[in-house]
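Q: Dropping a prediction and its sequence here:
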Amino acid sequence: MTDATLEQTPDTTFQQTLRGRLIRKSDSDYDAARALYNGMIDKRPNLIARCADVADVITAVNYAREQGLLLAIRGGGHNGPGLGSCDGGLVIDLSLLKGVRVDPANQTVRVEAGCTSGDVDHATHAFGLAVPFGIVSTTGVAGLTLGGGTGYLTRKRGLTIDSLLEADVVLADGRFVTASLEQHPDLFWAIRGGGGNFGVVTSFLFKAYPVSIVYAGPIFWEATHAKAVMSAFREFLRQSPEDLGSFVGLKTVPSMDPFPKDYWGRRACAVISSYNGSAAEGEELMSRLLKAVPPPIFNWMSAMPFPAIQSLFDAFLPQGLQWYWKGDFVKALTDEAIDTHIAQAAQAPSELSLMHLYPIDGAVNRVPKDATAWSVRDATFSMVIAGIDPSPDKAKALKEWGRAYWKAVHPFNMEGGYVNFMMDDESAGRVQASYGANYARLQAVKAKYDPKNLFRVNQNIEPASV
Ligand SMILES: Cc1cc2nc3c(=O)[nH]c(=O)nc-3n(C[C@H](O)[C@H](O)[C@H](O)COP(=O)(O)OP(=O)(O)OC[C@H]3O[C@@H](n4cnc5c(N)ncnc54)[C@H](O)[C@@H]3O)c2cc1C
């Protein structure tokens, strides 16, 4: 017998209450656990709570609040500026929450917050269904959805948030609520575009739609034809059925097989599409664009399972590359804007660096601007400029190119941008501009659910002063 007692500190109580792991700086897997998708971001949290269930999330939120810790929420870890982590403080890591349950009778799917879009695509495809997510399958459903969500099904089905039916949320005070049109409708309104500002979402319920084999893939043209392709694409899209999801980009032909060797490393213009219908219909549809422009370098569109086009880029974009993002919404893609894009894209500092224009039309435009927090329903495109390269030595060049490109094209664009395509060096008021007239309402909802701004490692919405 000794007189020694086990000291019960808040820290030990936290650890004893968790079913998942608490990862500390001294743990051998700390570096792997803190690593983010964007290799340019190097954050060192004090603690990473790898939550096993909702109970763990509640425990972790309470611990962070009571201890006054900086708190970050990590879904898929794909955020450009690394807002799924923090320096010091606590990270709630949701990566173990991987449950997906498809309800084929009701055409809905329940998705836990650690899922990537590939996890969900895999599960729904077996039922001939899909939810509108983004174009890279390793992206987290949570961050993508809470910021809005654009992808191949957007023209027909709207943003990802337009298919959200309800979400389970752990609030700043530790309460667990379900947000939907009927329950906590103010919170449900705010999380549809307002990011992780209002609580930790532990699961989402989405509407799913019949999508199975699509006619999909990339078509690349030489950069000299970029003007012809971009102008033709603008008209082509306007006249195409909404079952065609398609975006145009300025890119480089990758220097690898199976790309034609003569074009390796050469600048190009690309149209990447997914048509939810037969190959014959899809071919006929794309022929309208192809007839209007010079012949492409290659046209690799074919019939494929929807998850295949959803993961087309995955192999080119592994975790750990350097990324620098800039985004904008485009009201109208003018000829002058196209010229500016082509001139800027020609200066790209690396083969992977790109500019994409994703359509914001069809079903997105039909939702009123104040129906969800995501307000830019009157745009025609969401633009992203991404400087990307494996080498950290290129970081400066990627940033400089992204900033200069954005500065040159921004005068043609709208004021705000998509919060999921922003770094953390945007000018003051940019987040506010992105929400437009919805910002004041977001601030009021923030004041109700998170008055002390516990959830502030995000594109932050400051609570209205009460
Ligand atoms: C390669 C690549 C491709 C992309 N393609 C698309 C695309 O096609 N369409 C599109 O719309 N976007 C796309 N994006 C952008 C993407 O939507 C954002 O990067 C998004 O933040 C990723 O979400 P995440 O869960 O992976 O990120 P994380 O880094 O884990 O989190 C991002 C933000 O969301 C918050 N958050 C995460 N999980 C939760 C939760 N459960 N509850 C509350 N808050 C939470 C975090 O606090 C953080 O602020 C892409 C990004 C990458 C890197």
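A: Sure, I can see it.
Q: so who does whichever residue of the stretch 151-300 of the chain sits closest to the ligand touch?
A: Distances from the stretch 151-300 of the chain to the ligand, computed as CB to the nearest ligand atom, single out residue 196 as the nearest residue at 2.4 Å. Placement of C-beta: from N, CA and C, glycine included. Shown here is residue 196, whose contacts under the criterion CB atoms under 8 Å, 6 or more residues apart in numbering are 73, 83, 142, 143, 146, 455, 457, 458.
Q: What is the neighbour count of residue 158?
A: When neighbours are defined as other CB atoms under 10 Å, residue 158 has 25 of them.
Q: that older thread, tell me the secondary structure at the residue of the stretch 151-300 of the chain closest to the ligand.
A: Local secondary structure at residue 196 is given as helix here, using DSSP: H, G, I helix; E, B strand; the rest coil.
Q: what's the closest non-adjacent residue to it?
A: Spatial nearest neighbour of residue 196, chain neighbours left out: residue 458 (4.6 Å); criterion: CB to CB, 6 or more residues apart in numbering.
Q: which residues are in contact with the lowest-mean-pLDDT helix or strand in the chain?
A: With mean pLDDT, DSSP states H and E as the measure, the helix or strand of the chain carrying the lowest mean pLDDT is helix 10-17 (a mean of 90). Counting contacts by CB under 8 Å, 6+ apart, the residues outside helix 10-17 that touch it are 6, 22, 49, 59, 60, 63, 66, 67.
Q: Mind checking which of those residues land in helices?
A: In this view, the contacts of helix 10-17 that belong to helices under DSSP state H are 59, 60, 63, 66, 67.
Q: contacting residues for the third one?
A: Residue 63 makes contacts with 10, 14, 49, 69, 90, as judged by CB under 8 Å, 6+ apart.
Q: Ok, the second one next?
A: Contacts were defined as CB under 8 Å, 6+ apart; by that measure residue 60 touches 14, 18, 49, 51, 90, 92.
Q: circling back: can you redo the ones in helices among the contacts of helix 10-17 as a markdown table with distance to residue 418 and pLDDT?
A: Formatted as a markdown table, the entries for the ones in helices among the contacts of helix 10-17 read as follows, by distance: CB to CB, whole Å; pLDDT from 0 to 100:
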| residue | distance to residue 418 | pLDDT |
| --- | --- | --- |
| 59 | 33 | 98 |
| 60 | 29 | 98 |
| 63 | 32 | 98 |
| 66 | 35 | 97 |
| 67 | 34 | 97 |
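Q: Which helix or which strand is home to the residue nearest the centre of the chain?
A: By CA atoms, centre = their mean, the mean C-alpha position of the chain lies nearest to residue 144, the distance being 3.6 Å. Secondary structure assignment for residue 144, by DSSP states H and E: helix 141-147.
Q: now what about that helix, what contacts it?
A: Under the contact criterion CB under 8 Å, 6+ apart, helix 141-147 has outside partners 73, 75-76, 78-79, 83-84, 94, 111, 113-117, 119-120, 133-134, 160-161, 164, 191, 193-196, 201, 204, 418-420, 459.
Q: Pull the number of nearby residues for residue 283.
A: For residue 283, the number of neighbouring residues by other CB under 10 Å comes to 16.
Q: correct me, but it touches residue 217?
A: No. Using CB atoms under 8 Å, residue 283 is not in contact with residue 217, being 11.4 Å away.
Q: Common neighbours of those two, please.
A: With CB under 8 Å, 6+ apart as the test, residue 283 and residue 217 both reach residue 301.
Q: returning to what we had before: show me which pair in the contacts of helix 10-17 is furthest apart.
A: When CB to CB is used, the two most widely separated members of those are 6 and 60, lying 22.2 Å apart.
Q: circling back to that earlier point, quick one: mean pLDDT for the helix holding residue 144?
A: The predicted model gives helix 141-147 an average pLDDT of 98.
Q: go on, stretch 393-410?
A: Per-residue pLDDT values over stretch 393-410 give a mean of 98.
Q: Mind exporting the C-alpha coordinates of it to PDB?
A: What follows is the C-alpha trace of stretch 393-410 in PDB, where atoms were taken according to Å, rounded to 0.1, in the frame of the first residue of the first chain:
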ATOM      1  CA  ASP A 393       9.900  24.600 -53.400                       C
ATOM      2  CA  LYS A 394       7.100  25.600 -55.800                       C
ATOM      3  CA  ALA A 395       4.900  27.000 -53.000                       C
ATOM      4  CA  LYS A 396       5.800  30.600 -53.600                       C
ATOM      5  CA  ALA A 397       5.400  30.400 -57.300                       C
ATOM      6  CA  LEU A 398       2.000  28.700 -56.900                       C
ATOM      7  CA  LYS A 399       0.800  31.400 -54.600                       C
ATOM      8  CA  GLU A 400       2.100  34.200 -56.800                       C
ATOM      9  CA  TRP A 401       0.500  32.700 -59.900                       C
ATOM     10  CA  GLY A 402      -2.900  32.100 -58.200                       C
ATOM     11  CA  ARG A 403      -3.000  35.700 -56.800                       C
ATOM     12  CA  ALA A 404      -1.900  37.300 -60.100                       C
ATOM     13  CA  TYR A 405      -4.400  35.200 -62.100                       C
ATOM     14  CA  TRP A 406      -7.300  36.000 -59.700                       C
ATOM     15  CA  LYS A 407      -6.400  39.700 -59.700                       C
ATOM     16  CA  ALA A 408      -6.600  39.800 -63.500                       C
ATOM     17  CA  VAL A 409      -9.900  38.000 -63.900                       C
ATOM     18  CA  HIS A 410     -11.700  39.300 -60.700                       C
END
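Q: Buried residues, that stretch. List them.
A: Along stretch 393-410, these residues count as buried under the neighbour rule (16 or more other CB atoms under 10 Å): 394, 395, 397, 398, 399, 401, 402, 403, 405, 406, 409.
Q: outside of it, which residues touch it?
A: 40, 322-326, 328, 337, 340-341, 343-345, 347-350, 353, 355, 383, 385-389.
Q: where along the stretch 301-450 of the chain do the helices fall?
A: Under the criterion DSSP state H, counting those that start in this stretch, the stretch 301-450 of the chain carries helices at the ranges 306-310, 335-345, 363-366, 395-409, 430-435, 439-449.
Q: Not counting its own residues, what contacts the shortest one?
A: Going back to what we said before, that points to helix 363-366. 154, 155, 156, 157, 158, 159, 162, 242, 377, 378.
Q: Show the pLDDT at residue 428.
A: Taking residue 428 on its own, its pLDDT is 77.
Q: Number of residues surrounding it?
A: As a measure of burial, residue 428 has 7 neighbours, counting by other CB under 10 Å.
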